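only geometry, no sequence info:
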């Protein structure tokens, strides 16, 4: 088969700045993968992000922006009994969340309806949850030659419409090896994505979930951030969290740094209050990062009072 030769001269290519839906986690015009074990809070995180975007609110920090339209497709949860109640609880503007009706013909990532929906609605974010639910019956997610054209197609749509695409995926059950190889299916999923995030639960801290970035092709990798899921308060952002993706996914190592920081604080404060400066210096000597120290302080509900020009920490009264 003969093909016409076409060459692109880099002198003619214009440089463009990357536009971010959420810096440095989710870029516009590119694919982002959010993955984790079942029940770790991936969908909850995505719906919280969606809720903020429909109101133009900052996701966790930063400036507010114009509200955007979002296409959200789920192959696992009911719209009326699961998704809508979660969006309402997150205070979303549900009029900006749109779903392609695929009850008669299941939607796939190669479906022309996907591009048509983006074009007609001006959606700036598309979420497919989970990835494998939208591959189609004829695509084997473990075969690179079948995954590559699918991911290439989605990447081209994202770039064409300057739309962020989030693909939600489950992890495989292997606890060995690096986090990058624990995503389900071909490694070509992650190869096509510009940002890959992992959501995991902290061992012995069942309410705390951490978001770790294991790939960022467009900016420096973000520091891990955490959120809390509780029956009392629902979803709450905690902020930066000192744990790596590999530590997060290692069943016997999750939350070890935070646990050590808590034990350190209980030990150093058991005899009474101490200045914040002294505690920080001693924590550094023990290899405890400042953010981990403050997370431990928060979890232990350690009190701080100012005496003169110095702040003192003390364990809460029982």
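Looks like it came in fine. Everything quoted here is computed from the prediction, not taken from an experiment.

got the phi/psi numbers for residue 307?
Dihedral angles phi and psi of residue 307 (degrees, to the nearest 10) take the values phi -120, psi 110.

distance check, it against residue 276.
Between residue 307 and residue 276 the computed distance is 11 Å (CB to CB, to the nearest Å). C-beta here means a position set from N, CA and C on the backbone, and glycine is covered the same way.

the two - which one has more neighbours?
A direct count of neighbours by other CB atoms under 10 Å for residue 307 and residue 276 places residue 276 higher, at 16 against 9.

I'd guessed the more buried one sits against residue 312; true?
Yes - under the criterion of CB atoms under 8 Å, residue 276 makes contact with residue 312 at 7.0 Å.

any common contacting residues for these two?
Overlap between the contact sets of residue 276 and residue 312, as judged by CB atoms under 8 Å, 6 or more residues apart in numbering, is given by residue 304.

the strand ranked longest in the chain - contacts with which helices or strands?
Secondary structure assigned by DSSP state E gives strand 205-216 as the longest strand of the chain. Contact analysis of strand 205-216 by 3 or more CB pairs under 8 Å, 6 or more residues apart in numbering; DSSP states H and E lists strand 195-202, strand 225-230, helix 245-249 as its packing neighbours.

least reliable of these going by mean pLDDT?
When mean pLDDT is averaged over each of those, helix 245-249 scores lowest at a mean of 79.

averaged pLDDT, whatever helix or strand comes next after that helix. What do you get?
Under the assignment DSSP states H and E, the closest C-terminal helix or strand after helix 245-249 is helix 256-268. Mean pLDDT, computed over helix 256-268, is 83.

got the angle between helix 256-268 and strand 225-230?
Following axes from the mean of the first three to the mean of the last three CA atoms, to 10 degrees, one obtains 80 degrees for the angle between helix 256-268 and strand 225-230.

and helix 256-268, what's buried?
Applying a neighbour-count criterion of 16 or more other CB atoms under 10 Å, one finds 257, 258, 259, 261, 262, 264, 265, 268 buried in helix 256-268.

just stretch 56-73 next, same as before
Within stretch 56-73, judged by 16+ other CB under 10 Å, the buried ones are 59, 60, 67, 68, 69, 70, 71, 72, 73.

also stretch 31-38?
Using 16+ other CB under 10 Å as the burial criterion, the residues of stretch 31-38 that qualify are 31, 32, 33, 34, 35, 36, 37.

equivalent analysis for stretch 238-247, please.
Applying a neighbour-count criterion of 16+ other CB under 10 Å, the buried positions in stretch 238-247 are 238, 240, 241, 242, 243, 244, 245, 246, 247.

got a list of what the fourth one touches?
By CB under 8 Å, 6+ apart, the residues touching residue 242 are 224, 257, 258, 289, 291, 292, 295.

circling back to that earlier point, by how many degrees do the longest strand of the chain and strand 195-202 diverge?
Relative orientation of strand 205-216 with respect to strand 195-202: 160 degrees, computed using the same axes, to 10 degrees.

show me the strands in the chain, by range?
Secondary structure of the chain, counting by DSSP E: strands at 20-22, 26-27, 31-36, 70-74, 97-98, 125-129, 164-170, 195-202, 205-216, 225-230, 234-240, 274-275, 303-307, 310-314.

quick one: list the elements packing against the first one.
It refers to strand 20-22. Contact partners of strand 20-22 among helices and strands, from 3+ CB pairs under 8 Å, 6+ apart: strand 26-27.

not counting its neighbours along the chain, what's nearest residue 87?
The spatial neighbour of residue 87 that comes closest, neighbours along the chain excluded (CB to CB, 6 or more residues apart in numbering), is residue 94 at 5.5 Å.

which residues touch that neighbour?
Applying CB under 8 Å, 6+ apart, one finds that residue 94 lies in contact with 54, 84, 87, 88.

are any of those buried, and if so which?
With burial judged by 16+ other CB under 10 Å, the buried subset of the contacts of residue 94 is 54, 87.

for the buried residues of stretch 56-73, give me a markdown table that also has distance to residue 107.
What follows is the buried residues of stretch 56-73, written out as a markdown table (distance: CB to CB, whole Å):
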| residue | distance to residue 107 |
| --- | --- |
| 59 | 26 |
| 60 | 30 |
| 67 | 25 |
| 68 | 21 |
| 69 | 17 |
| 70 | 15 |
| 71 | 10 |
| 72 | 12 |
| 73 | 6 |
